[in-house]
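Colleague: Got a predicted structure here, sequence first:
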Amino acid sequence: MLKRIITSVVGVIIMIPVLWYSDTYLFVGAMSILCVVGCFELMRCIKVNHKYGIAIPQYLLAAAMPFLVRLGSGSEVWFKAAIFAHVVFMLYLLAMAVFSHGKTRVEEVAMTFALCLYINVGFSSIILLRDHEGAGAYIFLLTFIGAWMTDIFAYFCGMAFGRHKLIPDVSPKKTVEGSIGGIVFCALGYVIYGLIIANVFEVEMNIIALGVFGVIISIVSQIGDLSASLIKREYEIKDYGSLFPGHGGVLDRFDSVLAVSSVLMVLVYSYNIV
């Protein structure tokens, strides 16, 4: 427990300046590092990290994706470049499977492409939210608020009221009551955050829409968490990594964030909450 607390404190100390300078390339660089480390953890989990013909191009693509997205905020060309790069990478992986004479399996390239794309899009979506014209400086924080409010209150509500197991085959400790508590407090957290932004920074936000978003995002957050747990069980590992002592790796710590950021990006760009 002490190790977890120390890691959390250190993490917050590092995270504050990164978030504060989210309009600079310090933030983009941080997302790029998380993309690369997340992809490394994933490929190590599915045992393709030593197949350098697959791994090295993926690391390069993961490192480049956040920068392409930030550049794309001012030019559509860079968005097209990001899409084109992933199409080329997909064809490259298929070619690897075709010409490897059985050394590279179709399942490996499919898992690598799908899950690394999920990681790249997840961290890059945080940048897209930050660069939103309306109130990106405030909106992108909803990613972390949604994921971590859900996680924290699902845990405490589960401890206090949990009686019925949610999906024991995937995560034995999660309960239906905890899940509901996470949803309620996430929606409440979104509404309170919207009211604070409106009153302190005078940025009007659609409070009703935020409440609805909170419900959706909390459900998505829990699906992201459970999906990451399912993959770990499938490949029989306890944690994806050990970058954060007591917490695991990037994918252990940001599993919910990756799911939330992508869906929140679609919601925000589809419905203006400012």
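Modeller: Yep, it's here. Residues are numbered from 1 along each chain as shown.

Colleague: CA atoms for contacts and neighbours, from now on please.
Modeller: Fine.

Colleague: what about the helices in this structure?
Modeller: Here the chain has its helices, by DSSP state H, at 2-20, 25-45, 52-72, 76-99, 106-130, 136-139, 141-161, 176-200, 207-234, 250-253, 255-270.

Colleague: ok, of those helices, where does mean pLDDT dip lowest?
Modeller: Ranked by mean pLDDT, the helices of the chain bottom out at helix 2-20, with a mean of 83.

Colleague: can you redo the helices of the chain as CSV with distance to Ile167?
Modeller: As requested, the helices of the chain are arranged in CSV below (distance: least, CA to CA, whole Å):
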stretch, distance to Ile167
helix 2-20, 25
helix 25-45, 22
helix 52-72, 32
helix 76-99, 33
helix 106-130, 22
helix 136-139, 32
helix 141-161, 13
helix 176-200, 9
helix 207-234, 9
helix 250-253, 18
helix 255-270, 17
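
Colleague: What's the local residue count around the residue lying closest to Phe27 once chain neighbours are set aside?
Modeller: Distance criterion CA to CA, 6 or more residues apart in numbering; nearest residue to Phe27, sequence neighbours excluded, is Val18 at 5.5 Å. Applying other CA atoms under 10 Å, we find 19 other residues in the vicinity of Val18.

Colleague: measure Val18 to Val12 for me?
Modeller: Distance check for Val18 against Val12: by CA to CA, to the nearest Å, it reads 10 Å.

Colleague: What number of residues are in the vicinity of Glu236?
Modeller: Going by other CA under 10 Å, the residues that sit close to Glu236 add up to 10.

Colleague: ok, now Leu42?
Modeller: For Leu42, the count of nearby residues is 24 (other CA under 10 Å).

Colleague: need the contact list for it.
Modeller: Taking CA atoms under 8 Å, 6 or more residues apart in numbering as the contact definition, Leu42 lies against Thr112, Leu115, Cys116, Tyr240, Leu251.

Colleague: wouldn't the fourth one be in contact with Arg253 here?
Modeller: Just to be clear, that refers to Tyr240. No: counting by CA atoms under 8 Å, Arg253 is not a contact partner of Tyr240; they are 9.5 Å apart.

Colleague: For these two, indicate the residue with more neighbours.
Modeller: Neighbours per residue (other CA under 10 Å) separate Tyr240 from Arg253, with Tyr240 holding more: 24 against 18.
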